[in-house]
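In: no FASTA, just this:
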């Protein structure tokens, strides 16, 4: 009988399985194992893994930390909004603020040096999307997420917001310069 | 007590329709098509705005229309249709009376009311452009949440009526042995739906209370975790429902029996067993979750759900090939497929849906659901590109295909414009394939989703995406137009047939063969080849090679981005 009638044999679970089906099931089981193992494999041998480091925070605490770094390492300001460009030493903790509708401050980082980049929102949800290198993470209020980043290309990088955050969403841009 | 007057025997298919269930199937299906029409028109607005040279709508309207598009097609069209599928797969396929049809009517009214309230908040009040996901702490109108909750309550009631109807069929002994495979698939959809709606209640009710001021704060990370248990699981309901319909179409068009009841049913069971964890792959780049948690929950401990879909992807065409070969179409690898009824939109819609869902939707879903590769893809246009392949080419096209079969036998009307109906799956399928591919292409190049102005024309110091990305957004816009023509053709044919199609009396035959005679054991026995489904195995082999290549290309691409540790 077809799929719209009860199985013809009441004891259908004892019917043999089609040979082609069995081969395919074997292939997909092996493939499923490979897919699963690739992720831990990349944690061991790959260079692009999130640190999983994150802290509870509040807008006030997070803004204070960001302000402290800005006060210490600002080298110039840019644009009508006088946005500070922060040039920290390698290995430093730096704080990027996502807010309606701006990434603040800008950074100037050195190629092949490593920085502890903190990202948090102080209002709604945002999306950190680094272009043109294309690296994307979710940014939430209340969570201070730490990315240990090592830029590998020089030039101007733009941070686009890729989580919808209201009517000014499409104007929310930031900048990270990478220099030699 | 029920009398025979409560039932109608279909002269074409022999199906026994319980009249109150039949009414509810009709109502839910019609409501579904209405919301598809609304959501589709809004989708046209989205596509034309994303086309850089056209950029049709202003930002306020764009975000409003994008919200309405998502909710109307992804939630209202699909779930109304699924309610019709549940009643059909229980009462009609088992030939029994439906449990509590009056309650079913109440559930329908609740769902309509919920859908209207939500649309009122989004499209009329206009203060609820929060996207389908309504991520806190961005607020929407109170009616937005109330509408969704009412709709979900109605859907939950229908799930329990489905289960009640199964009990009635068992009690009344309207069938012997196990329930049919299609009903079994619908049962898995129902069980996942109950989990889905429970998750929805867990997050939407507190969010409503927060909106009303009774709760001071909803944690943004927690919201996403639970919301996606609702938002993603509901897509698993769609998969279970659509795969059930693939089996249904294989049965009614080809008289095909499943290759193996055991394998197909076990694959459905895997959906229930593992899909509840599926919210994790939306949170792969969220703060506050460990990699161990992400890896376990995205791979569902071994990609068991992906394996289940890959199995259905073999068994559905395999059962068709088996049946066709048994009927004598056994030359070469593909005579069975070449001589399939490609001119019948029920078949072409279903088969295009199967291929598009598997190749475009399935492969990309696994790739972007890989913990580290998600860094390249999260919240880019790749995401809507992927789910237009799964939910539109997969679910929506399947539902459209079965609708062409249901119009004559359920609504007792001849289809109008049959030639256009034959073309409809091709127009819609081609358009939607373009939408899916070009959005994924642009997403790969970094273009964000849910974004009004990818040229950044209104911001100083903007950013320029590559020319290829901008070109693809134009091609996406053209594909949207083609898909909308296909969608419009569907709505015109269906609504036109219901209003103006030639009436078919209850004892009158449709004229075409609406249900193929089952292939008999003797016919199957004539097909003694060593391998009964070589064509299908060839197709899945090609699929598999594409899958492996594309998967590892993305790891290569990932290796070029900034180092993260």
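Out: Right, received. Where do you want to start? This is a predicted model, so every value here is computed, not measured. Residues are numbered from 1 along each chain as shown, chains lettered A, B, ... in the order given.
In: show me the helices in chain A, by range?
Out: If you assign secondary structure with DSSP state H, the helices in chain A sit at A:19-45, A:59-73.
In: what's the closest of those to chain B?
Out: Comparing the helices of chain A by their distance to chain B (Cβ to the nearest Cβ), the top pick is helix A:19-45, with 4.0 Å. Backbone N, C-alpha and C define where each C-beta goes, glycine included.
In: is the closest one positioned near chain B?
Out: Yes: when contact is scored as Cβ under 8 Å from any Cβ of the partner chain, part of helix A:19-45 falls within range of chain B: A:19-21, A:23-25, A:27-29, A:31-33, A:35-36, A:38-40, A:42-43.
In: any buried residues in the strand or helix carrying residue B:30, and which?
Out: Assigned by DSSP states H and E, residue B:30 belongs to helix B:19-50. Applying a neighbour-count criterion of 16 or more other Cβ atoms under 10 Å in any protein chain shown, one finds B:20-29, B:31-50 buried in helix B:19-50.
In: packing partners for that helix?
Out: Here helix B:19-50 touches strand B:7-9, helix B:59-69, helix B:78-87, helix B:101-119, helix B:397-411, helix B:467-500, going by 3 or more Cβ pairs under 8 Å, 6 or more residues apart in numbering or on different chains; DSSP states H and E.
In: and the residue nearest the centre of chain A, bridged to which residues?
Out: Among the residues of chain A, residue A:137 comes closest to the average C-alpha position under Cα atoms, centre = their mean, at 2.1 Å. Per DSSP bridges, residues listed as beta-bridge partners of residue A:137: residue A:128.
In: check what pLDDT it gets.
Out: The pLDDT attached to residue A:137 in the predicted structure is 97.
In: strands of chain A, start to end?
Out: Counting by DSSP state E, chain A has strands at residues A:53-56, A:74-78, A:83-86, A:93-99, A:102-104, A:106-110, A:115-121, A:126-131, A:135-139, A:143-150, A:155-161, A:173-179.
In: tabulate the ones you listed (a markdown table), appending distance to residue A:6.
Out: Putting these into a markdown table (distance: least, Cβ to Cβ, whole Å) gives the following:
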| stretch | distance to residue A:6 |
| --- | --- |
| strand A:53-56 | 53 |
| strand A:74-78 | 72 |
| strand A:83-86 | 70 |
| strand A:93-99 | 57 |
| strand A:102-104 | 61 |
| strand A:106-110 | 66 |
| strand A:115-121 | 55 |
| strand A:126-131 | 50 |
| strand A:135-139 | 48 |
| strand A:143-150 | 52 |
| strand A:155-161 | 55 |
| strand A:173-179 | 61 |
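In: returning to what we had before: isn't the residue nearest to the centre of chain A right next to residue B:376, touching?
Out: No: applying Cβ atoms under 8 Å as the test, residue A:137 and residue B:376 come out as separate, 11.1 Å apart.
In: got CSV for the helices of chain A, with distance to residue A:176 too?
Out: Rendered in CSV, the data for the helices of chain A read as follows (distance: least, Cβ to Cβ, whole Å):
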stretch, distance to residue A:176
helix A:19-45, 24
helix A:59-73, 14
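In: and those: which comes nearest residue B:358?
Out: For these, proximity to residue B:358 was assessed by Cβ to Cβ; helix A:19-45 is nearest, at 12.1 Å.
In: break chain A into its domains for me.
Out: For chain A, automatic domain parsing gives the domain ranges A:1-49, A:53-179.
In: what strand or helix carries residue B:98?
Out: Element membership for residue B:98, per DSSP H and E: none, as it lies in no helix or strand.
In: setting aside sequence neighbours, what's the nearest residue to it?
Out: Across the structure, with Cβ to Cβ, 6 or more residues apart in numbering or on different chains as the measure, the residue nearest residue B:98 apart from its sequence neighbours is residue B:21 (3.7 Å).
In: does chain A sit close to stretch B:363-374?
Out: Yes: Stretch B:363-374 comes into contact with chain A when judged by Cβ under 8 Å from any Cβ, the residues involved being B:366, B:370, B:371, B:372, B:374.
In: which other residues reach that stretch?
Out: Applying Cβ atoms under 8 Å, 6 or more residues apart in numbering or on different chains, the contact partners of stretch B:363-374 are A:35, A:38-39, A:42, A:46, A:48-50, A:136, B:281, B:284-285, B:291, B:294-295, B:298, B:303, B:306, B:377-378, B:382-383, B:385-386, B:389-390, B:440, B:543, B:546-547, B:550-551, B:554-555, B:558.
In: same deal with stretch B:433-443?
Out: By Cβ under 8 Å, 6+ apart, stretch B:433-443 touches B:47, B:356, B:360-361, B:364, B:377, B:380-386, B:388-389, B:392-393, B:449, B:465, B:468-469, B:472-473, B:475-476, B:478-480, B:482-483.
In: let's see that with 6 Å instead.
Out: Counting by Cβ atoms under 6 Å, 6 or more residues apart in numbering or on different chains, the neighbours of stretch B:433-443 from elsewhere in the structure are B:360, B:380-382, B:384-385, B:388-389, B:469, B:472-473, B:475-476, B:479-480, B:483.
In: give the contact list for the residue nearest the centre of chain B.
Out: For chain B, the residue whose C-alpha lies nearest the mean C-alpha position (Cα atoms, centre = their mean) is residue B:395; its distance is 2.6 Å. By Cβ under 6 Å, 6+ apart, the residues touching residue B:395 are B:78, B:238, B:242.
In: mean pLDDT lowest where, among the helices of chain A?
Out: Within the helices of chain A, the least confident segment by mean pLDDT turns out to be helix A:19-45, at a mean of 94.
In: now the helix or strand containing residue B:442 against helix B:19-50, angle please.
Out: For residue B:442, the enclosing helix or strand under DSSP H and E is helix B:418-444. Counting by axes from the mean of the first three to the mean of the last three Cα atoms, to 10 degrees, helix B:418-444 lies at 50 degrees to helix B:19-50.
In: buried set for helix B:418-444?
Out: In helix B:418-444, counting by 16+ other Cβ under 10 Å, buried: B:420-425, B:427-429, B:431-444.
In: got the angle for that helix vs helix B:467-500?
Out: Per the same axes, to 10 degrees, the angle that helix B:418-444 makes with helix B:467-500 is 150 degrees.
In: how far off centre is helix B:418-444?
Out: Remark: helix B:418-444 is offset 15 Å from the chain centroid, using Cα atoms, centre = their mean, to the nearest Å.
In: can you check stretch B:384-402 too?
Out: Averaging C-alpha coordinates over stretch B:384-402 and over its chain gives two centres that are 5 Å apart (Cα atoms, centre = their mean).
In: show the subsequent helix or strand relative to the worst-scoring helix or strand of chain B on mean pLDDT.
Out: Sorting the helices and strands of chain B by mean pLDDT, DSSP states H and E puts helix B:521-526 at the bottom, at a mean of 86. Stepping forward along the backbone from helix B:521-526, the first helix or strand reached (DSSP H and E) is helix B:534-558.
In: and that following helix, what's buried?
Out: Buried residues in helix B:534-558 (16+ other Cβ under 10 Å): B:534-537, B:539-540, B:543-544, B:547, B:551, B:554-555, B:558.
In: return the distance of that helix from the chain's centre.
Out: 23 Å.
In: output the below-cut-off pLDDT ranges for the stretch 101-250 of chain B.
Out: Within the stretch 101-250 of chain B, the set of residues satisfying pLDDT under 70 is empty.
In: mind listing the helices for it?
Out: Using DSSP state H, counting those that start in this stretch, the helices found in the stretch 101-250 of chain B span residues B:101-119, B:142-171, B:181-211, B:220-231, B:233-254.
In: do the stretch 251-400 of chain B as well
Out: Assignment of helices within the stretch 251-400 of chain B using DSSP H, counting those that start in this stretch yields the ranges B:261-274, B:291-298, B:300-326, B:335-338, B:345-356, B:363-368, B:374-377, B:382-387, B:397-411.
In: tell me the mean pLDDT over stretch B:378-392?
Out: Predicted confidence along stretch B:378-392 averages 97 (mean pLDDT).
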